[in-house]
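Q: the sequence and its predicted three-dimensional model are supplied below.
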Amino acid sequence: MNALINDIEIIKAKTTKINDVDFDNLTFGKILTDHMLECDFKDGKWQAPKVVPYQPITLDPSAKIFHYGQSVFEGMKAYKDANDTVWLFRPLDNFKRLNISSKRLAIPELPEDYFMNGLKALLKVDSDWIPRNEGSSLYIRPFVFASGKGFHASPADEYKFIIACAPSGSYFSGKVKVLIEEKYSRSANGGVGFAKAGGNYAGQFYPTQLAIEKGYQQVIWTDDNTHEYIEEAGAMNIFIRINDTLITGPTSDRILDGITRKSIIELAQSKGIPVEVRKITVSEVVEAAKNGSLKEMFGAGTAAVVSPISGFGYKNEDYDIPEMEDTYASFLKKHITDIQTNKSEDPFGWRYKVE
Ligand SMILES: Cc1ncc(COP(=O)(O)O)c(C=O)c1O
């Protein structure tokens, strides 16, 4: 009989890869831990999840993931504090969003205890992999995809839910220059933009490559209809500071309801920063850049927490955002990471102890 943690069966790896890992020089998401959580949907229900050795999976070439892209995922992080206590950040929000994404892709939703108990069991088994170094964390990737067979364009009858983890260093790669998109769209009304569906990201790669060829690092997505409204920054939500007001667009069919975004809104409001959640036009931002009232732009997401933007291109013109001290970006990033890593009080109840 294998061991059980939180009712989850554990099949331990025979060897560990951990001794080959340089925890002082971690990149992002490239090294995977010794174990993963695996759970199959078959015969009309989710079967009991198990922690198993991290290993390749075998799929039938007709599996519907390959043909119809039925796949959704999440991104979250675990942190270890100075006392070796392990913390997650708003994990139930990731669980709920995974099911929101699944529903939209006609994938069966997961029970909460399979997700939460499975995740906690995996983190216990791979606890030594959770970095303690400043800025590092264990990046967690839960995902669900259609493993069921057949070329008929309809939802699969079998699925796999996996959680895999990668110890990761700081995502910060300096300030980025972005291109405001005038042609391509990542999402549309009635579409799947609000879901973390794999295909959304595949669709972003080509326009992003074009932007990189032009000397930018990221694309600012605009609405598919008019390209006049600013929506997201690459795979992050976007915040724009005009004078002292922090502005972000409202969530919709087209925008992912980011957990960092909603945490930033709440945190900023609690610190007395004026926040507006409203549609924001490209012309308003161009005008603000011209008259000097555009103080900051930054992306917000789990990987980087905040990712400051140094300037943007639009209609063959480049606009710089002058450097300033005491940015909202660094203030908000510090407060959020201090809460995440148990370095400060958590008045919002966002931190979640893994025990
Ligand atoms: C398209 C998109 N927008 C926004 C976000 C930010 O969401 P969160 O803060 O929950 O990571 C992500 C990343 O998860 C994303 O993929």
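A: Sure, I can see it. Numbers count the residues shown, from 1 in each chain.

Q: which residues touch the helix or strand Ala329 falls within?
A: Assigned by DSSP states H and E, Ala329 falls within helix 328-340. Helix 328-340 is contacted from outside by 77, 79, 87, 89, 137, 239, 241, 246, 260, 263-264, 267-268, 271, 273, 296, 298, 305-306, 308, 343-346, 348, 350-351, using Cβ atoms under 8 Å, 6 or more residues apart in numbering. For glycine as for every other residue, the C-beta is placed from the backbone atoms N, C-alpha and C.

Q: ok, now with 7 Å
A: 79, 87, 89, 241, 246, 263-264, 267-268, 273, 296, 298, 305-306, 308, 344, 346, 350-351 (Cβ atoms under 7 Å, 6 or more residues apart in numbering).

Q: and that helix, does that touch the ligand?
A: No: applying Cβ under 6 Å from any ligand atom, one finds helix 328-340 separated from the ligand by no less than 10.1 Å.

Q: list the buried ones in that helix?
A: Under the neighbour-count criterion of 16 or more other Cβ atoms under 10 Å, helix 328-340 has Tyr328, Ala329, Leu332, Lys333, His335, Ile336, Thr337, Ile339, Gln340 buried.

Q: now Ala48: closest residue in space that isn't a chain neighbour?
A: Take Ala48 and drop its neighbours on the chain: the residue closest to it by Cβ to Cβ, 6 or more residues apart in numbering is Glu9, 6.9 Å away.

Q: looks to me like the one you found is in a helix.
A: No: assigned with DSSP: H, G, I helix; E, B strand; the rest coil, Glu9 falls outside any helix and is strand.

Q: list phi and psi for whichever residue of the stretch 1-150 of the chain sits closest to the ligand.
A: Closest approach between the stretch 1-150 of the chain and the ligand, counting by Cβ to the nearest ligand atom: Gly75, at 4.7 Å. Dihedral pair for Gly75: phi -140, psi 120, per degrees, to the nearest 10.

Q: ok, the residue lying closest to it once chain neighbours are set aside - contacts?
A: Residue nearest to Gly75 in three dimensions, not counting chain neighbours: Thr302, with 4.8 Å by Cβ to Cβ, 6+ apart. Listed by Cβ under 7 Å, 6+ apart, the contact set of Thr302 reads Gly75, Met76, Lys77, Ile259, Thr260.
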